[in-house]
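> my questions are about this predicted structure, shown below with the sequence.
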Amino acid sequence: MPFFAIDKNLCDQDGLCVKACPTQVIQMNKQNPYPAATQDYAAYCLACGHCVAVCPTGAFSMDQNSVDLCPPIQKELTLTPEQAEQFLRSRRSIRNFRKQPVERFKLEKLMEMACCAPSAKNSQPWHWTVVADPADVRRLAEMVVDWIRGITARFPEKAEISGFPRIVSAWDAGEERICRGAPHLLVVHGDKDYGFGAEDSALALSYLELFAPALGLGTCWGGYVYSAINAHAPLFKALGLPSDHRALGAMMVGYPKLRYLRLPNRNAPKVTWR
Ligand SMILES: Cc1cc2nc3c(=O)[nH]c(=O)nc-3n(C[C@H](O)[C@H](O)[C@H](O)COP(=O)(O)O)c2cc1C
């Protein structure tokens with residue numbers, strides 16, 4: 001059960017925590033001028049830490065979000081719009097990787113940053129399976145190709161639309177287009193019955209992908225792997241995912257071989273103003 005504490009020596013009773021709370025489980029009134037939990041606090045608190053993050057005096061602490069665990073935002077690190085635009089636009093899907101393995105602490109840092117993504121009701125439903133050995137990544141890629149061959153045999157038209165025959169021909173010619181020769185694969189998975197798993201995981205992987213270049217790393221979404229994991233039982237089993245989970249996304253990770261020098265264009269937003 002989440003627990004919060006107010007340091008009454010620091011609290012200036014500005015009520016900001018009450019305003020910031022998304023589920024209105026903090027109250028202040030004339031009888032009790034300090035923030036206090038509502039009766040239903042335990043049932044509805046999201047443990048999102050907004051109360052701690054908004055408090056200018058450091059008076060507010062939650063068990064998981066105590067003041068000492070929540071560093072202050074450093075204004076000098078705030079990106080200008082130009083920096084933010086370049087940061088977002090320069091992210092690229094990387095499909096050419098060096099053989100050099102990624103240090104474990106870097107993979108751990110990527111997942112830590114991914115887990116800072118928003119999630120519905122702050123549920124943070126992510127579980128990670130790291131395929132750390134490049135030989136295992138290749139074995140999994142081969143299983144994806146097996147799955148693609150099966151689909152192609154059964155549903156040739158559907159397979160054509162998905163570009164499967166080209167992937168199989170490339171594989172047979174010695175070119176690996178599933179995991180692109182990435183040394184590592186991160187698979188995010190979670191409870192198969194959880195409704196927002198796909199959205200939450202897409203966000204987590206986006207955070208991961210945006211952070212990766214800061215560590216000198218490159219990433220690429222593993223769309224084929226991800227689709228195959230849930231559809232091809234041998235692959236699901238080979239990854240050792242719990243039977244009550246489903247895969248929610250997969251990301252290739254490694255050191256990039258190519259360096260990009262320009263920001264490619266994208267379609268203008270398709271907008272309807274009403
Ligand atoms: C859900 C999803 C699945 C993807 N799957 C693959 C994939 O299996 N293989 C691949 O090479 N790229 C994959 N991509 C990368 C896209 O092709 C890429 O994002 C797009 O071409 C734009 O390029 P950029 O990421 O460099 O901006 C995937 C992207 C997303 C969002």
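Everything's here; your move. Residues are numbered from 1 along each chain as shown.
> residues near the closest residue to the ligand within the stretch 51-200 of the chain, how many?
Here the stretch 51-200 of the chain gets closest to the ligand at one residue, Ser93, 3.5 Å apart by CB to the nearest ligand atom. Heads up, the C-betas are built off the backbone N, CA and C, glycines and all. Ser93 is flanked by 11 other residues according to other CB atoms under 10 Å.
> near the ligand, which residues of the stretch 1-150 of the chain?
92-93, 95 (CB under 6 Å from any ligand atom).
> quick revisit: got phi/psi on the residue lying closest to the residue of the stretch 51-200 of the chain closest to the ligand once chain neighbours are set aside?
Spatial nearest neighbour of Ser93, chain neighbours left out: Cys220 (4.4 Å); criterion: CB to CB, 6 or more residues apart in numbering. For Cys220, the backbone dihedrals (degrees, to the nearest 10) come out as phi -150, psi 140.
> the helices in the chain, which residues?
16-20, 41-44, 50-54, 81-89, 104-114, 134-154, 156-161, 164-172, 197-211, 223-231, 233-239 (DSSP state H).
> Throw these into a markdown table and include mean pLDDT and mean neighbour count, thanks.
A markdown table is the format used below for these (pLDDT from 0 to 100; neighbours: other CB atoms under 10 Å):
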| stretch | mean pLDDT | mean neighbour count |
| --- | --- | --- |
| helix 16-20 | 97 | 17 |
| helix 41-44 | 94 | 14 |
| helix 50-54 | 96 | 20 |
| helix 81-89 | 98 | 11 |
| helix 104-114 | 98 | 17 |
| helix 134-154 | 97 | 18 |
| helix 156-161 | 93 | 11 |
| helix 164-172 | 97 | 15 |
| helix 197-211 | 98 | 20 |
| helix 223-231 | 96 | 20 |
| helix 233-239 | 98 | 15 |
